[in-house]
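Q: no sequence on this one, just coordinates:
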């Protein structure tokens, strides 16, 4: 679903991403670890089509992002560190608005089911987002991805600022999406969350993908040591 081949991004003399080769399959959760400036967000922005590569190719479901950005966006849902939603609208109204932009039309019962599937408690569905916690807003973002039937989910620091309970709930939702075939790329600083939820983990440094590890083959402590040795 996601593929980068020799993907490079330069800003003047600075190389933000250096010849990245990465493939993420349907139903796979891939976590990118690295310090600020390692290239994690640049990678996500290239898949989103927010920036153009200096060289190399980037594709979603076999479609070039550079040549067909509008087509690839049909497959994508994106959840940044701070989810941009409308605080004066309720959870249901937000998901109704954003799913309609993608060409979907649902009734209130269907919209409520999407929110429940994302883990948002029923009592909050008709409350305005200005009273939501960050974890609740993240769940609305996930619900929008479900409503859009997104095949690819791109996440940039999704658990930053979440308490342990909200982080666990978020991980549960990601696993469920993975079971249903969604390909997930998650940029994170959270080593232990990456180990817990991802199938594979990549460690980035200065624009380079230094290591790719099968999560099942390494303990959280071993991953932490490898990360510290790398960065």
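A: Received it, and whenever you're ready, just let me know what you need. From a predicted model like this one, the values you see are computed outputs, not experimental measurements. Residues are numbered from 1 along each chain as shown.
Q: which one is residue 49 nearest to, not counting chain neighbours?
A: Nearest non-adjacent residue to residue 49, counting by Cβ to Cβ, 6 or more residues apart in numbering: residue 69, 3.7 Å away. C-beta coordinates here come from the backbone N, C-alpha and C atoms, glycine included.
Q: Now do that neighbour against residue 83, distance only.
A: Look at residue 69 and residue 83: by Cβ to Cβ, to the nearest Å, they are 22 Å apart.
Q: hmm, back to that, what is the burial count for the residue nearest to residue 49?
A: By the criterion of other Cβ atoms under 10 Å, residue 69 has 15 neighbours.
Q: Helix, strand, or coil at residue 46?
A: Here residue 46 is helix, with the state taken from DSSP: H, G, I helix; E, B strand; the rest coil.
Q: If you tally nearby residues, what's the number for it?
A: Neighbours of residue 46 under the rule other Cβ under 10 Å: 25.
Q: Then residue 176?
A: Residue 176 has 15 neighbouring residues, counting by other Cβ under 10 Å.
Q: Contacts only, for it.
A: When contacts are counted by Cβ atoms under 8 Å, 6 or more residues apart in numbering, residue 176 is found next to residue 117.
Q: part of a helix, is it?
A: Yes - judged by three-state DSSP, residue 176 forms part of a helix.
Q: how near is the residue nearest in space to the middle of the chain to residue 100?
A: By Cα atoms, centre = their mean, the chain has its centre lying nearest to residue 155, at 1.9 Å. Distance, residue 155 to residue 100, by Cβ to Cβ: 23 Å.
Q: same check, this time on residue 94
A: Separation of residue 94 from residue 100 (Cβ to Cβ) stands at 11 Å.
Q: what about those two, which has more around it?
A: More crowded of residue 94 and residue 100, by other Cβ under 10 Å: residue 94, with 25 against 12.
Q: In three-state terms, label the more buried one for me.
A: Per three-state DSSP, residue 94 ends up helix.
Q: How about residue 57?
A: Recorded secondary structure, residue 57: strand (three-state DSSP).
Q: Skip the chain neighbours and tell me the closest residue to it.
A: Using Cβ to Cβ, 6+ apart and skipping residues adjacent in sequence, the residue nearest residue 57 is residue 5, 4.8 Å away.
Q: residue contacts, the one you found?
A: If a contact means Cβ under 8 Å, 6+ apart, then residue 5 has 21, 56-58 as its contacts.
Q: Next: residue 179.
A: residue 27.
Q: All further residue positions should be reported with the first residue as 709.
A: Done: numbering now begins at 709, and the last item shifts to residue 887.
Q: Pretty sure the residue nearest to residue 765 sits in a strand.
A: Yes - counting by three-state DSSP, residue 713 is part of a strand.
Q: Quick check: nearest residue in space to residue 869, chain neighbours excluded?
A: Excluding the flanking residues, the one nearest residue 869 by Cβ to Cβ, 6+ apart is residue 842, at 5.3 Å.
Q: just residue 718 next, same as before
A: Using Cβ to Cβ, 6+ apart and skipping residues adjacent in sequence, the residue nearest residue 718 is residue 762, 4.5 Å away.
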